[in-house]
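Asks: 3D model of this:
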Amino acid sequence: SPVTSSVMTTMAAFLPLMLLPGILGDFMFVIPFVVTMALAVSLLEAYWILPVHVSMVNLNLHKPSRSQQLRIRFTHWIRVKYSQLLIKVLRRPFISLTVVIVMVAVAVGAFAGGLVRIQFFAFDPTRLFYVNVEMPPGTPLEQTLRQVEVIEEKVRRHLQPGEARGISSTAGQMFTEMGPYFGDHYGQLAVSLNPQKVDMRSIEQTVEDMRDDILSTVGPKNTYFFVVQAGPPKGKPISIKVRGDDFEEIESAVSALKDILRSMAGVTDITDDSSAGKLELKMRFNTEAMRVAGLNPTDIARTIRLMFDGEVVSSMQHEGQKLEVRVRAVGENLQNIDSVLDQVITLPGGGQIALGQLVLVDTALGKDNIRHYNFRRAITLEADLDKEIIDTATANEQILQQWDTVRLNYPRINLDFSGELDDIQESLDAMLVLALFGIGLIYLILGTQFKSYWQPFMILITVPLAFTGVTLGLVVSRNPFSLFTMYGVVALIGIVVNSAIVMIHAANGRLDQGMSVLHATVYAARRRVVPIIITSLTTVAGLFSLAIGLGGKSLLWGPVASAIVWGLAFSTVLTLFVIPLLYRFFMGRSKRLKFEYPS
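Replies: Below is the predicted model of the structure:
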């Protein structure tokens with residue numbers, strides 16, 4: 001029956017969403033599961049409970065009430081007007097199909113032309129942000145804390161009354177999306193804002209209003225904002241792993257990439273995970289001095305190792321554990337660099353020479369950490385984006401284009417783009433599989449129901465028609481095209497086909513009774529227009545308040561409801577004209593017309 005087909009196709013669209021709960025967490029599994037179970041139970045309601053309710057009402061159709069008479073006249077008027085418009089469309093099939101194709105092309109052009117704002121991971125803000133402060137290496141903990149408190153005073157001046165929930169200054173640690181950092185020269189200011197009301201600024205606007213003043217603070221080596229986002233953990237919009245073998249070349253390439261990022265509009269809070277460590281002593285062998293003294297470089301290296309790390313000379317077992325016996329020089333004689341260089345080395349002839357005469361000495365800042373990615377040294381460069389100015393895909397594409405102009409200066413450097421761009425690609429691949437799987441299930445159900453290979457294709461034509469409505473809704477409502485919008489589109493696939501199902505089912509019944517294709521098309525469309533409008537309106541009405549943000553806008557669920565509302569409303573109108581047009585065109589050549597009356 002058409003009821004079973006409609007419910008089953010809707011369930012088939014929601015079923016793939018339950019197969020990948022790990023994309024956005026378990027809550028994205030619960031919602032499709034609940035909807036699928038509710039639709040399954042609705043079959044019980046439609047076949048057994050609803051008939052009982054109708055029989056208990058005791059309707060007297062021979063004496064309709066006043067409201068019933070008004071309803072009959074109104075629905076009759078709808079059928080008449082719709083039939084008149086449908087006949088005009090059927091008389092001009094090529095013009096009508098051209099108009100529909102142009103509308104779909106305009107929807108595709110809206111995406112290509114940037115009329116639809118793309119913000120793939122759009123989540124409701126958590127109203128929490130950090131100001132991360134990195135002082136020069138060697139800065140005392142007390143001085144770092146004083147610098148963070150200076151920034152705290154500036155932040156408080158930019159906050160409006162009643163806007164802040166709490167502010168906390170910390171020195172000695174700094175938490176970021178790339179990982180925690182510990183050290184006396186790290187500091188962090190945590191700012192929690194109260195829930196946003198109508199007259200309050202968004203967290204993005206709050207940060208932008210204070211950004212220039214905070215970043216102009218004298219003293220810190222680096223200061224940047226970190227706005228905490230809701231949803232599952234994800235990378236920054238721009239996350240580039242700069243891979244190489246020589247740190248100087250890697251750092252030079254990172255500096256060039258930072259210049260590229262600073263020249264791009266909408267790029268903010270540029271950071272990397274390379275941080276300077278403590279001062280270190282570098283000693284290189286003076287081979288000429290060693291040759292004159294008659295010393296072996298291996299022996300000198302062993303002497304230096306004994307001074308600092310020691311050397312394992314034996315091992316022993318204790319309570320089942322292997323313990324190493326390490327020999328190390330007495331540490332009291334190594335108080336400073338001069339005491340290290342004054343250590344004497346015994347010559348083969350019996351004399352002595354100072355270590356400082358055998359090595360070339362240099363002091364520099366060491367590395368706080370050395371990270372690797374795919375077996376090569378790497379520095380990760382990250383940045384945020386103002387999604388109102390530029391989207392993630394466009395920004396990364398521009399970086400690649402500008403990098404091509406300077407990449408010859410860094411022949412041994414490789415770039416690996418990860419972060420949100422990787423998340424987007426992974427989610428797109430998963431969503432493509434889900435959509436194809438859902439469409440495949442719908443096709444199998446419809447093919448079994450209608451015993452036809454071509455009629456399911458006619459029904460699935462409603463999917464691009466729904467996409468046209470989704471695009472129009474995004475342009476009008478200014479909602480971003482996000483991952484949640486795509487979830488709404490996948491769910492919409494199973495909903496929009498319902499109107500075409502009931503219409504084609506009715507037309508097939510008239511064909512089997514001996515009507516002509518044209519007569520069956522118009523008759524079925526006229527008989528089903530009111531049920532189609534009612535079922536679409538009930539769905540639209542149920543999600544309308546969420547779609548327009550009547551109780552408060554949500555970047556999480558607003559796009560889902562908006563995709564279903566606009567897509568269903570637009571596709572329903574087009575389905576009422578496109579499906580009859582396609583049915584008349586294809587079924588005129590169908591073998592189904594070869595109907596033999598019983599003798």
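Asks: switch to C-alpha atoms for all contacts and neighbour counts from now on
Replies: Fine.
Asks: on contacts alone, who are the packing partners of the longest strand along the chain?
Replies: Longest strand in the chain, counting residues (DSSP state E): strand 179-193. Judged by 3 or more C-alpha pairs under 8 Å, 6 or more residues apart in numbering; DSSP states H and E, strand 179-193 is in contact with strand 128-134, helix 141-158, strand 164-176.
Asks: Run the angle between the last one and strand 128-134 for me.
Replies: To tie it back to what came earlier, the one meant is strand 164-176. 50 degrees (axes from the mean of the first three to the mean of the last three C-alpha atoms, to 10 degrees).
Asks: can you pull the buried residues of strand 164-176?
Replies: Residues 164, 169, 170, 171, 172, 173, 174 are the ones in strand 164-176 that count as buried (16 or more other C-alpha atoms under 10 Å).
Asks: Quick one: those residues as a markdown table, columns for distance to residue 107 and pLDDT too.
Replies: Formatted as a markdown table, these follow (distance: C-alpha to C-alpha, whole Å; pLDDT from 0 to 100):
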| residue | distance to residue 107 | pLDDT |
| --- | --- | --- |
| 164 | 43 | 84 |
| 169 | 49 | 89 |
| 170 | 50 | 88 |
| 171 | 52 | 88 |
| 172 | 53 | 87 |
| 173 | 49 | 84 |
| 174 | 46 | 82 |
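Asks: Among those residues, which one lies nearest to residue 525?
Replies: Among the buried residues of strand 164-176, residue 164 lies closest to residue 525 (C-alpha to C-alpha), at 59.2 Å.
Asks: about what we covered before: of the buried residues of strand 164-176, closest to residue 281?
Replies: Distances from residue 281 to the buried residues of strand 164-176, taken by C-alpha to C-alpha, are shortest for residue 172, at 24.7 Å.
Asks: and the helices and strands packed on strand 179-193 as JSON lines, adding distance to residue 314?
Replies: Below are those laid out as JSON lines (distance: least, C-alpha to C-alpha, whole Å):
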{"stretch": "strand 128-134", "distance to residue 314": "44"}
{"stretch": "helix 141-158", "distance to residue 314": "41"}
{"stretch": "strand 164-176", "distance to residue 314": "39"}
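Asks: between these, which gets nearest to residue 467?
Replies: Nearest to residue 467, of those and by C-alpha to C-alpha, is strand 128-134 at 35.5 Å.
Asks: Quick check: end-to-end length of stretch 52-72?
Replies: 24 Å (C-alpha to C-alpha, to the nearest Å).
Asks: rewinding a little: for the helices and strands packed on strand 179-193, which one sits closest to residue 265?
Replies: Of all the helices and strands packed on strand 179-193, strand 128-134 sits nearest to residue 265, with 21.6 Å by C-alpha to C-alpha.
Asks: in the stretch 401-550 of the chain, which spans are helices?
Replies: Assigned by DSSP state H, counting those that start in this stretch, the stretch 401-550 of the chain shows helices spanning 420-450, 455-460, 462-477, 483-512, 517-548.
Asks: so which of those helices is the most packed in?
Replies: helix 483-512 (a mean of 24; mean count of other C-alpha atoms under 10 Å).
Asks: Return the list of helices and strands in contact with that one.
Replies: Short answer (3+ C-alpha pairs under 8 Å, 6+ apart): helix 483-512 packs on helix 2-14, helix 420-450, helix 455-460, helix 462-477, helix 517-548, helix 558-587.
Asks: Mind doing that once more with 6 Å?
Replies: helix 2-14, helix 517-548, helix 558-587 (3 or more C-alpha pairs under 6 Å, 6 or more residues apart in numbering; DSSP states H and E).
Asks: Next, the angle from it to helix 462-477.
Replies: Going by the same axes, to 10 degrees, helix 483-512 makes 140 degrees with helix 462-477.
Asks: one step back: out of the helices and strands packed on helix 483-512, nearest to residue 219?
Replies: helix 558-587 (43.6 Å).
Asks: So which bits of the closest one are buried?
Replies: For helix 558-587, the buried set under the neighbour-count rule, 16+ other C-alpha under 10 Å, comprises 558-572, 574-584, 587.
Asks: Stretch 196-210 now?
Replies: Applying 16+ other C-alpha under 10 Å to stretch 196-210 flags 202, 203, 206, 207, 210 as buried.
Asks: Now render these as JSON lines, adding secondary structure and distance to residue 149.
Replies: Shown next, in JSON lines, are the buried residues of stretch 196-210 (DSSP: H, G, I helix; E, B strand; the rest coil; distance: C-alpha to C-alpha, whole Å):
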{"residue": "202", "secondary structure": "coil", "distance to residue 149": "24"}
{"residue": "203", "secondary structure": "helix", "distance to residue 149": "21"}
{"residue": "206", "secondary structure": "helix", "distance to residue 149": "19"}
{"residue": "207", "secondary structure": "helix", "distance to residue 149": "18"}
{"residue": "210", "secondary structure": "helix", "distance to residue 149": "15"}
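Asks: Next secondary structure element downstream of the strand or helix carrying residue 87?
Replies: Here residue 87 is covered by helix 66-91, with elements defined by DSSP states H and E. Counting by DSSP H and E, the next helix or strand C-terminal to helix 66-91 is helix 93-112.
Asks: Next, the angle from that following helix to helix 462-477.
Replies: Going by the same axes, to 10 degrees, helix 93-112 makes 50 degrees with helix 462-477.
Asks: follow-up on the earlier one: of the buried residues of strand 164-176, which pair is most distant in space?
Replies: 164 and 172 (24.0 Å).
Asks: distance of residue 480 from residue 117?
Replies: 5 Å.
Asks: Likewise for residue 447?
Replies: For residue 447, the distance to residue 117 - C-alpha to C-alpha - is 37 Å.
Asks: same deal with residue 70?
Replies: With C-alpha to C-alpha as the criterion, residue 70 and residue 117 are 45 Å apart.
Asks: more crowded one of those two?
Replies: residue 117 (20 against 12; other C-alpha atoms under 10 Å).
Asks: Tell me which residues of the helix holding residue 87 come out buried.
Replies: Quick answer for helix 66-91 (16+ other C-alpha under 10 Å): 79, 82, 83, 86, 89, 90.
Asks: can I get those residues in TSV with distance to residue 40?
Replies: Output for these, formatted as TSV (distance: C-alpha to C-alpha, whole Å):
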residue	distance to residue 40
79	32
82	33
83	34
86	34
89	37
90	37
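Asks: among those residues, which two are most distant?
Replies: 79 and 90 (16.0 Å).
Asks: Turn the helices and strands packed on helix 483-512 into a markdown table, columns for distance to residue 183.
Replies: Below are these laid out as a markdown table (distance: least, C-alpha to C-alpha, whole Å):
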| stretch | distance to residue 183 |
| --- | --- |
| helix 2-14 | 50 |
| helix 517-548 | 47 |
| helix 558-587 | 43 |
